[in-house]
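> how would this look folded up:
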Amino acid sequence: MCLELSDELQKKNGNTHIYAHFIKGLVLADAGRLQEALDRFHSCIKLYSQDPEPLKQVARCLYRQDRFQLSYEAYLEADKLAKHLDAEIYCGLAECSWKVGDAVRGVEWARAGVQAGGGERAGALLARLLLACDLLEPALQAYDQAIAANACGADTLAAAGALRLRAGDPRGAFQLLGAALAQQPGQHAAALALAAMLLQHGDAPAALARLKAALAAHPTCVAAHSNLGLALLTKKKYVAGLTCLQQAVQWAPLSARAAHNLALALLACRRPASAFCRLASATALQPQHPHTVLLLAIALERLGDSRADAAYARALSVSPHDALVTINVAGRHGRAGRLQLARHEAHNTARLLQHKGDAHLASSLSVLMSLLQDAGAHELSDAALERPPVDRKDQENAINDNFDPDEV
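Model prediction:
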């Protein structure tokens, strides 16, 4: 009906009615007919070139067509015509700058949008751009200022809560995520982050409820399928857990994390051959992730493959200060009868755990040390323990000898 009315106005005015062109362009843009909408807005500009509104709409259409540089230039032209500070233009310029790979310039435009009264949109955009520049604390401050100054929606609250969780502030994250879910119970990002917190605190039933709610709102969410599978594994529901993890891999076949999680479940279910296939894919996608390489080494060892030692050495070379890696390497040396090397890596693990305590790893380490003592490792001298067990260059050579680039 709106299009019919605009066409009637054009017939009465000889196709020179600016407002009819503008409204028709808005309707066409909402319908996804972006090129036709651009033609309408260009007609407005030809009839009256001093109005910034049609230029802003042109910039929006170009942005939706992924023509970000042209959109940026259109926003700049609109800014020249604007008679006052326009936060909408500044936010558009910030988004275009981000898309063309200039996040620093995007931060400047987003700050201008905040100063011009851009409200929640400008504040959240500034926080995301600061985070893209690896500025965690300024991003947190930007979210805090946006939430304090505006009645923010669930998406902004969820993003701020997830960032608080990443920054190590679980109390603040819990408040923000709870506020997001109270405002919009189906906000899947908030449900995912809150479920992660609940899983860390061992509350699997509550985490499962949140994850199911997230999947109900977003059935194709890979992270929700993956986390739900891991949560089911903690309750020893292996078939259901594997089904969820396989669903995550099907939705994201090029996700290294989804493949890693599925491989972890397969190892727990004593299926090392299937786990190795998934880990080979995950390692090819993310070759520098130490825990993926570590799982690959464990799978190879369970398969009796001679390349297991090379995989353990690679995991240690990628992350030599990770206690989880060093304790597994120590266990491998112990199982292979290399007691001196095993006790050396065990002492390395003990030193690492002094700086960053982990009750589960500490318990595993005490069990490992007692097993090594029973096997005769207590007879080793302290001087032998202080010597590096293997030269790093020798480890790298062993890796290169045992792994071709296309093999992992």
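> I'd like the distance between Arg128 and Arg121.
11 Å (Cβ to Cβ, to the nearest Å). Just so you know, the C-beta spots here come from the backbone N, C-alpha and C atoms, and that holds for glycine as well.
> Ile45 too?
According to Cβ to Cβ, Ile45 and Arg121 sit 25 Å apart.
> So Arg121 sits against Cys91, correct?
Yes. Arg121 is within contact range of Cys91, at 5.7 Å (criterion: Cβ atoms under 8 Å).
> So those two - more neighbours on which side?
For the pair Arg121 and Cys91, the greater number of neighbours falls to Cys91 (25 against 21), based on other Cβ atoms under 10 Å.
> so where does that one fall, helix or strand?
helix 87-99 (DSSP states H and E).
> Touching that helix from outside, list them.
Residues from elsewhere that reach helix 87-99 (Cβ atoms under 8 Å, 6 or more residues apart in numbering): 52, 56, 59-60, 63, 68-69, 71-72, 75-76, 78-79, 82, 103, 105-107, 109-110, 112-114, 116-119, 121-122, 125-126, 129, 132.
> Just the buried subset of those, please.
By neighbour count, with 16 or more other Cβ atoms under 10 Å, the contacts of helix 87-99 hold 52, 56, 59-60, 63, 68, 71-72, 75, 78-79, 82, 103, 105-107, 109-110, 112-114, 116, 118-119, 121-122, 125-126, 129 as buried.
> Which members of those residues are positioned in helices?
Within those, residues falling in helices by DSSP state H are 52, 56, 59-60, 63, 68, 71-72, 75, 78-79, 103, 105-107, 109-110, 112-114, 119, 121-122, 125-126, 129.
> so where's this structure shaky on pLDDT?
377-408 (pLDDT under 70).
> how about a cut-off of 80?
186, 200-202, 217, 355-358, 375-408 (pLDDT under 80).
> Let me know the outermost residue of it.
What lies farthest from the middle of the chain is Lys12; by Cα atoms, centre = their mean that is 55.1 Å.
> Can you pull the domain assignment for the protein?
Structurally, the chain divides into domains by automatic domain parsing as follows: 211-273, 287-408.
> Please identify the deepest-packed of these.
domain 211-273 (a mean of 19; mean count of other Cβ atoms under 10 Å).
> Tell me the span between the first and last residue of it.
Domain 211-273 stretches 30 Å from its first residue to its last (Cα to Cα, to the nearest Å).
> what about it, distance to the chain center?
Domain 211-273 sits 16 Å away from the centroid of its parent chain (Cα atoms, centre = their mean, to the nearest Å).
> Please report how far Tyr48 lies from Asp79.
For Tyr48 relative to Asp79 (Cβ to Cβ), the value is 18 Å.
> next one: Ala265
Going from Ala265 to Asp79 by Cβ to Cβ gives 53 Å.
> what does Leu262 give?
From Leu262 to Asp79 the distance is 49 Å (Cβ to Cβ).
> Over to His188?
Taken as Cβ to Cβ, the span from His188 to Asp79 is 36 Å.
> which other residues reach stretch 47-65?
So stretch 47-65 is contacted by 16, 18, 21-22, 25-26, 29, 34, 37-38, 41-42, 44-45, 68, 70-72, 74-75, 77-79, 81-82, 86, 88-89, 92, 95-96, 99 (Cβ under 8 Å, 6+ apart).
> export that stretch as CSV, just CAs?
Provided in CSV are the C-alpha atoms of stretch 47-65 (Å, rounded to 0.1, in the frame of the first residue of the first chain):
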residue,chain,number,x,y,z
LEU,A,47,16.4,16.5,-6.8
TYR,A,48,17.9,18.0,-3.7
SER,A,49,21.6,17.5,-3.1
GLN,A,50,21.9,19.3,0.3
ASP,A,51,20.0,16.7,2.4
PRO,A,52,22.2,14.2,4.2
GLU,A,53,19.4,11.7,4.9
PRO,A,54,19.4,10.1,1.4
LEU,A,55,23.2,9.8,1.5
LYS,A,56,23.0,8.0,4.9
GLN,A,57,20.6,5.6,3.3
VAL,A,58,22.9,5.1,0.3
ALA,A,59,25.7,4.3,2.7
ARG,A,60,23.5,1.8,4.6
CYS,A,61,22.6,0.0,1.4
LEU,A,62,26.2,-0.1,0.3
TYR,A,63,27.2,-1.5,3.6
ARG,A,64,24.6,-4.3,3.3
GLN,A,65,26.1,-5.1,-0.1
